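A.B. asks: Provided below are the primary sequence and the corresponding predicted coordinates.
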Amino acid sequence: MGGLEAIFLILGLGAAGSLLVIDLRRMILPDSLNLLLAAAALGFHLANDWFYVSLGEALGGAVFGACFLYGLRQVYLQWRGIEAIGLGDVKFMVGAGLWIGVWGIPLLLAIASLASLITIGCLAAMRLMPISGMTARRFPFGPALCIALVAMCAERAIW
């Protein structure tokens with residue numbers, strides 16, 4: 001791996017780590033870090049001559065990931081009147097899709113959902129988060145998305 005690829009890799013990993021910590025602390029995924037994640041993905045893939053994903057797969061992942069999560073957000077908002085998925089999560093999917101491509105989006109969402117369910121189950125078992133009245137408690141999805149993205153990139157030997 002050359003120096004340029006390493007720089008974009010470090011930027012992407014740093015953005016994902018920062019997003020994870022900020023979302024845990026403040027329940028927000030800043031646009032600037034989501035943009036850095038996306039830019040690092042483009043730079044990394046350009047530096048690698050699109051070895052891991054093609055340009056079409058990356059752009060498809062960005063569009064599909066963001067549209068799918070935005071669609072889920074709107075459906076739940078109409079059904080329950082609750083904003084269960086923040087726009088930061090939707091914007092995160094643009095960067096994630098650029099890293100892993102369109103075919104990685106379903107697995108990313110499955111891993112992130114499973115990680116969230118396991119975390120909530122553990123918190124409930126430790127009586128740190130009551131199961132009843134969960135609508136009154138907010139739980140960030142961003143950290144699980146970040147963990148899933150890093151795990152998928154590590155599995156593909158991108159990171």
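C.D. replies: All right, it came through fine.
A.B. asks: going forward, measure contacts and count neighbours with C-alpha atoms only.
C.D. replies: Fine.
A.B. asks: Quick one, grab the pLDDT at A125.
C.D. replies: pLDDT, A125: 81.
A.B. asks: if I look at it, how far off is I118?
C.D. replies: Applying C-alpha to C-alpha, to the nearest Å, the value for A125 to I118 is 10 Å.
A.B. asks: helices and strands of this structure: which one has the lowest mean pLDDT?
C.D. replies: Lowest mean confidence among the helices and strands of the chain (mean pLDDT, DSSP states H and E): helix 105-125, at a mean of 91.
A.B. asks: now whatever helix or strand comes next after it and helix 105-125, what's the angle there?
C.D. replies: Next in sequence after helix 105-125, counting helices and strands by DSSP states H and E, comes helix 142-155. Interaxial angle, helix 142-155 versus helix 105-125 (axes from the mean of the first three to the mean of the last three C-alpha atoms, to 10 degrees): 130 degrees.
A.B. asks: Give me the distance between helix 142-155 and the centre of its chain.
C.D. replies: How far helix 142-155 lies from its chain's middle: 7 Å, per C-alpha atoms, centre = their mean, to the nearest Å.
A.B. asks: Contacts for that helix next, please.
C.D. replies: With contacts defined as C-alpha atoms under 8 Å, 6 or more residues apart in numbering, helix 142-155 is touched by 13, 16-17, 19-21, 23-24, 29, 89, 92, 96, 99-100, 108-109, 111-113, 115-116, 159.
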